[in-house]
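K.L.:
Show me how the following folds:
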Amino acid sequence: LARCYEESNHVDAATELYQLAGDDLGLARQALCRNDIDAATSIAESGDAAVVHHVAKHLEDAGEAQQAMALFIRGGMLDDAMRLATQHGFHSEIAEVVLNSGDSERIVDCAVWLEGCGQLAEAALLYAENGNRSKVLDLCLRMDDGGISGVGQELKELFSSIVDDIDDVTTLTDAEVSTYARRFITWDEGERAFDFLCRSRNQYATFFASFGSLCSDRGDHRLASKLFAKAGDKI
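P.N.:
A predicted model of the protein is given here:
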């Protein structure tokens with residue numbers, strides 16, 4: 001009977017019968033007929049997968065891609081969410097929603113997907129949430145200088161904390177020390193680079209002088225002077 005009312009566009013009568021039957025999908029459809037998106041979304045959030053998918057697809061078809069993506073994620077439909085993120089460039093948005101979900105499996109899946117899309121900054125934050133610090137370090141070192149827009153400061157702090165937690169910097173190779181220090185400098189974290197270099201075992205003049213030249217080329221003459229002075233101490 002409710003279906004008959006729905007098909008004849010008697011929304012209120014259909015809604016009442018769907019309420020009596022406890023039919024969330026029917027209620028969601030009637031809410032959408034009334035263009036009551038908030039009510040439909042609320043029903044979907046407490047309903048089963050069929051309800052979530054129906055409402056999310058309606059939102060997608062109506063051009064509300066970001067709302068649809070968030071609903072797909074809440075319903076565990078990560079493939080659909082990733083599809084929308086790819087189509088609309090919602091990489092930062094999907095990372096934020098997945099992080100807030102607290103679902104470790106979704107977080108890992110989304111991190112792997114974002115890395116594959118070349119969205120290394122967002123992927124790094126998701127890997128960090130899952131405790132994969134070595135992966136975070138790897139991604140930070142793989143980024144180009146402009147690769148941290150949007151999540152820049154948070155990622156800089158994360159990278160710094162991981163490097164600071166290295167128990168014995170003297171065990172790192174020259175190449176590793178050089179790579180970490182360059183990352184600090186290209187992210188305008190020169191003082192951290194200086195402190196890190198001073199903790200390393202690379203205590204020789206040419207090492208400090210090379211980073212002094214790098215800072216000078218980037219216009220950070222104060223830090224360049226400190227590094228050149230340190231190089232002089234080692235001669």
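K.L.:
what about this protein, any weak spots by pLDDT?
P.N.:
Across the chain, the ranges flagged by pLDDT under 70 are 1-22, 47, 145-151, 202-204, 233-235.
K.L.:
Which residue is the nearest non-sequential neighbour of the residue positioned nearest the centre of it?
P.N.:
Note on the chain: the residue nearest the mean C-alpha position is residue 122, at 3.0 Å, using C-alpha atoms, centre = their mean. Once flanking residues are discounted, residue 122 sits nearest to residue 95: 3.9 Å by C-beta to C-beta, 6 or more residues apart in numbering. Every C-beta, even on glycine, is put in place using the N, C-alpha and C of the backbone.
K.L.:
any idea which helix or strand carries the residue nearest to the centre of the chain?
P.N.:
Using DSSP states H and E, residue 122 sits in helix 120-129.
K.L.:
and the angle from the helix or strand following that helix to helix 120-129?
P.N.:
With elements assigned by DSSP H and E, the helix or strand that comes after helix 120-129 is helix 133-142. Here helix 133-142 runs at an angle of 160 degrees relative to helix 120-129 (axes from the mean of the first three to the mean of the last three C-alpha atoms, to 10 degrees).
K.L.:
quick one: helix 133-142 to chain centroid distance?
P.N.:
Remark: helix 133-142 is offset 14 Å from the chain centroid, using C-alpha atoms, centre = their mean, to the nearest Å.
K.L.:
same deal with stretch 156-174?
P.N.:
The chain centroid and the centroid of stretch 156-174 are separated by 22 Å under C-alpha atoms, centre = their mean.
K.L.:
Show me which positions of it end up buried.
P.N.:
The neighbour-count check on stretch 156-174 (16 or more other C-beta atoms under 10 Å) flags 156, 158-160, 162-163, 169, 172 as buried.
K.L.:
For the helix holding residue 122, name the packing helices and strands.
P.N.:
helix 91-101, helix 104-116, helix 133-142, helix 152-164 (3 or more C-beta pairs under 8 Å, 6 or more residues apart in numbering; DSSP states H and E).
K.L.:
what comes into contact with the third one?
P.N.:
Counting contacts by C-beta atoms under 8 Å, 6 or more residues apart in numbering, the residues outside helix 133-142 that touch it are 111, 115, 120-121, 123-124, 127-128, 155, 158-159, 162-163, 165, 179-180, 183.
K.L.:
again, but for the second one
P.N.:
Around helix 104-116, the neighbours that count as contacts under C-beta under 8 Å, 6+ apart are 73, 76, 78, 82, 91, 94-95, 98-99, 101, 120, 122-123, 126-127, 129-130, 132, 135, 139.
K.L.:
end-to-end on stretch 59-72?
P.N.:
10 Å (C-alpha to C-alpha, to the nearest Å).
K.L.:
and that stretch, how far from the chain's centre?
P.N.:
Worked out by C-alpha atoms, centre = their mean, stretch 59-72 lies 19 Å from the chain centre.
K.L.:
again, but for stretch 152-164
P.N.:
14 Å.
K.L.:
Would you quantify the distance from residue 82 to residue 213?
P.N.:
Going from residue 82 to residue 213 by C-beta to C-beta, to the nearest Å gives 44 Å.
K.L.:
quick one: residue 185 and residue 197, what's the gap?
P.N.:
10 Å.
K.L.:
shared neighbours of the two, anything?
P.N.:
Common contact partners of residue 185 and residue 197 (C-beta under 8 Å, 6+ apart): residue 211.
K.L.:
ok so, going back, which one's more surrounded, residue 82 and residue 213?
P.N.:
The neighbour comparison of residue 82 against residue 213 (other C-beta atoms under 10 Å) goes to residue 82, with 22 against 14.
K.L.:
Could you find the closest non-adjacent residue to the more buried one?
P.N.:
Excluding its sequence neighbours, the residue lying closest to residue 82 (C-beta to C-beta, 6+ apart) is residue 113, at 5.6 Å.
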